[in-house]
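In: Show me the folded form of this:
(chains A and B)
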Amino acid sequence: MFQYVLRRLLVAVPMLLGAMSIVFFAMRILPGDPCVAMMGDQATSAALADCTKHLGLHRPLAVQYADYIWRSVQLDFGTSLRQGYPVSEYIGRMFPHTLILVLAAAVVAALVGVPIGIISALQRRNPLVDYPLRIFALLGLSMPVFWLGILLLMFFSLRFDLFPLIGGGDLEGVMTMIRSGELFTYPGDFFAGVLDVLHHLTLPALALGFTLAATVSRLSRSAMLEVIGQDYIRTARAKGQVERMVVYKHALRNMLVPLLTIIGLFVAIALTGTVLTETVFTRPGLGKMLVDSINARDYPLAQGAITVFTMTIILVNLLVDMAYALADPRITYK
Amino acid sequence: MAIARDASEITRPVADVPPRNVGRLVRRYAPITIGIFLAVAMIVLAAAAPLIAPLSPSAQYSDAVLKGPGFADRHALGTDEFGRDIYSRIIWGTRISLQVGLASVIFGFLVGVPLGIFAGVQGGRVETAIMRGSDMLMAFPTLLLALLIVTALGGSLENEIIAIGIALTPNFLRLARSLSLQIREQDYIMAARAIGSGQLRVMARHVFPNALYALVVVATLYIATAIRTEASLSFLGLGIPPPTPSWGNILSEGRQYIKCCPWITTFSGVAIMMAVLAFNLMGDALRDLLDPRLRGE
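Out: Next up is the predicted model:
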């Protein structure tokens, strides 16, 4: 068990370094000089030289690479070209917005996807149940999240004016109140803030959650099918257990273990989804920051955002693998 | 046979001819029929875009700016902010989606499959090196990797194909490797080696043809992924630059006008969904019909 965790860690480190190298070299083969791209053709040569020096682009590539890896490990991604303050600070402010979006979407996806997956596995011989559910899953897989987002905006924000069109609510205000303890002195303001954040979160979470629900329902369908074919299920039925109890007591609990492995996959899909979802809903977050920084040619910011995305995915996968080993002691590193 | 004694004997079906179950046939073949129909329709639209599209996709009609569907009997699906015909633009946009969808999958296939088969058959250090490289690329979700590469190369049709192709490569590589790991243990591989076939011949003449079936099924599903990724990149403004119509950039441009003119985003979104649905349906159905080994992958 300990050996498994250690070896899994040892594999994750070179993977992280490799992924970061890909980010670094991809950002370096950009055609043209980032300073020219940023400052325009009218920039004086002195200003350009200054910019090059400021970005450290005058140093040899190997030095730049080593410097980038060393700083990234310490979560130092340099200074934003447009905003002027450290990238890590910017990422720190945006990360909570993306985190709550992923969490809320995960709740929606689990509430919609898991029951659908289970029902379609148990009722797979009943075409009246299985077919509508499979069509739903297929539509969810085929519907781009940005389009579903626009449809939701057209309907709920523009037609009925129930939800805001843009923004993410005052999440920083809410977090400051929690940190300073003001939530106890002004509970009314605090709950108003939380409600505002949830109000802004509803449509993006529904859009992202529904498109993810399709994947979740497929995966939980196959997890359920796998469990239902096990010997202990037959034993439970053979001893006369009521079918409902077989499902709830035996199948459902054991289904959670294979379902655990997909959390890593889920986080990867959800994080990618935030890039599109945040752009559609004009909502602050890492994904929107990434797209904006690419469009503004703010390279340190873009590089920092992609690095954080990749780091998160690799770390979550690592944690999931370890949780999996804890949940099922039979797993050993192969 | 003697005279039937009662009605049940007459209506009882003959045992060795199973009754034809229409419902089951429909359930089995309906998805693939719909999928093939949509995909063929898409190919026809793309190939014959100049003949089918009633107007030029870039012609601007100053009398028809942001008009709804059916305006002046000329714009069946309405117009955009420059007075361009949405119907014609969507038809021309089919070309971009299909080109990127097919070409990037072929790219990923041509790069990933030989590498994967080589890794699987060769084994040892070569395999470890190739698989580690693929794992690093796998750490990025498809859209994120494609976004990174398109940012580095710049937005154009060729670069989009390369970016999505590279992003899909590790998927083909992994599948090809795991299939060749199974195949290399088969008796016919041993027989081929026994008659003196070299490594290259074994890979090209024996492993590849036996893996092809499963690879093609999965390739169909990745066409859907590629089309969706292309639309996403264009939607984010990082794909093919305007004025060339692609479904993603039509939708992106229409986003500013969702209040007055929802038809721009609605119809381009429907197009994206139908295309992705077509290849998903086809891939799913092909997998179930042809290759039960892949079920649930």
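
In: helix or strand right after the lowest-mean-pLDDT helix or strand in chain B?
Out: Least confident element among the helices and strands of chain B, by mean pLDDT, DSSP states H and E: helix B:7-11 (a mean of 47). Counting by DSSP states H and E, the element after helix B:7-11 in chain order, helix or strand, is helix B:22-47.

In: just checking, what packs against that following helix?
Out: helix A:127-142, helix B:86-122, helix B:263-290 (3 or more Cβ pairs under 8 Å, 6 or more residues apart in numbering or on different chains; DSSP states H and E). Heads up, the C-betas are built off the backbone N, CA and C, glycines and all.

In: List the buried residues for it?
Out: Across helix B:22-47, burial judged by 16 or more other Cβ atoms under 10 Å in any protein chain shown covers B:31, B:32, B:35, B:36, B:38, B:39, B:42, B:45, B:46.

In: Over the helix or strand where residue B:201 lies, what's the mean pLDDT, rounded is fine.
Out: If you go by DSSP H and E, residue B:201 is part of helix B:199-201. Average pLDDT, helix B:199-201: 90.

In: just to revisit the earlier point, return the member of the buried residues of helix B:22-47 nearest to chain A.
Out: In terms of Cβ to the nearest Cβ, no member of the buried residues of helix B:22-47 lies closer to chain A than residue B:31, at 8.3 Å.

In: Any idea which residue of the stretch 101-250 of chain B lies closest to chain A?
Out: Closest point on the stretch 101-250 of chain B to chain A, by Cβ to the nearest Cβ, is residue B:136, at 3.5 Å.

In: Show me what the helix holding residue B:201 is in contact with.
Out: Contact with helix B:199-201 is made by B:121, B:122, B:192, as judged by Cβ atoms under 8 Å, 6 or more residues apart in numbering or on different chains.

In: Could you check the pLDDT of the closest residue to residue A:164 other than its chain neighbours?
Out: Sequence neighbours aside, residue A:200 is the residue nearest to residue A:164 in space, at 5.6 Å (criterion: Cβ to Cβ, 6 or more residues apart in numbering or on different chains). Reported pLDDT at residue A:200 in the predicted model: 93.

In: what sits against residue A:200?
Out: Neighbouring residues of residue A:200 by Cβ under 8 Å, 6+ apart: A:163, A:164, A:167, A:168, A:169, A:283.

In: and if we set it to 6 Å?
Out: If a contact means Cβ atoms under 6 Å, 6 or more residues apart in numbering or on different chains, then residue A:200 has A:164, A:167, A:168, A:169 as its contacts.

In: ok now do the third one, which residues does it touch?
Out: The reference is to residue A:168. Applying Cβ under 6 Å, 6+ apart, the residues near residue A:168 are A:97, A:200, A:283, A:284.

In: same thing but at 8 Å, please
Out: A:97, A:197, A:200, A:201, A:283, A:284, A:285.

In: Among these, which pair sits farthest apart?
Out: Pairwise distances across the contacts of residue A:168 peak at 12.7 Å for A:197 and A:285 (criterion: Cβ to Cβ).

In: Using CSV, write out the CA atom coordinates for the helix or strand that residue A:69 is a member of.
Out: Assigned by DSSP H and E, residue A:69 belongs to helix A:61-73. The C-alpha trace of helix A:61-73 is given here as CSV (Å, rounded to 0.1, in the frame of the first residue of the first chain):
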residue,chain,number,x,y,z
LEU,A,61,16.3,29.2,-23.8
ALA,A,62,17.6,26.6,-21.4
VAL,A,63,18.0,29.2,-18.6
GLN,A,64,14.4,30.5,-19.3
TYR,A,65,13.2,26.9,-19.1
ALA,A,66,14.9,26.1,-15.9
ASP,A,67,13.7,29.4,-14.4
TYR,A,68,10.1,28.7,-15.5
ILE,A,69,10.1,25.2,-14.0
TRP,A,70,11.7,26.4,-10.7
ARG,A,71,9.3,29.3,-10.3
SER,A,72,6.2,27.3,-11.3
VAL,A,73,6.9,24.7,-8.7
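
In: what distance separates the next helix or strand after it from the centre of its chain?
Out: Next in sequence after helix A:61-73, counting helices and strands by DSSP H and E, comes helix A:87-122. Computed by Cα atoms, centre = their mean, to the nearest Å, the separation of helix A:87-122 from the middle of its chain amounts to 7 Å.

In: between helix A:87-122 and helix A:61-73, how many degrees?
Out: Calculated by axes from the mean of the first three to the mean of the last three Cα atoms, to 10 degrees, helix A:87-122 forms an angle of 70 degrees with helix A:61-73.

In: Count the residues that sit near residue 153.
Out: Here I'm looking at chain A. 26 (other Cβ atoms under 10 Å in any protein chain shown).

In: try chain B instead
Out: Other residues near residue B:153 come to 17 when the count uses other Cβ under 10 Å.
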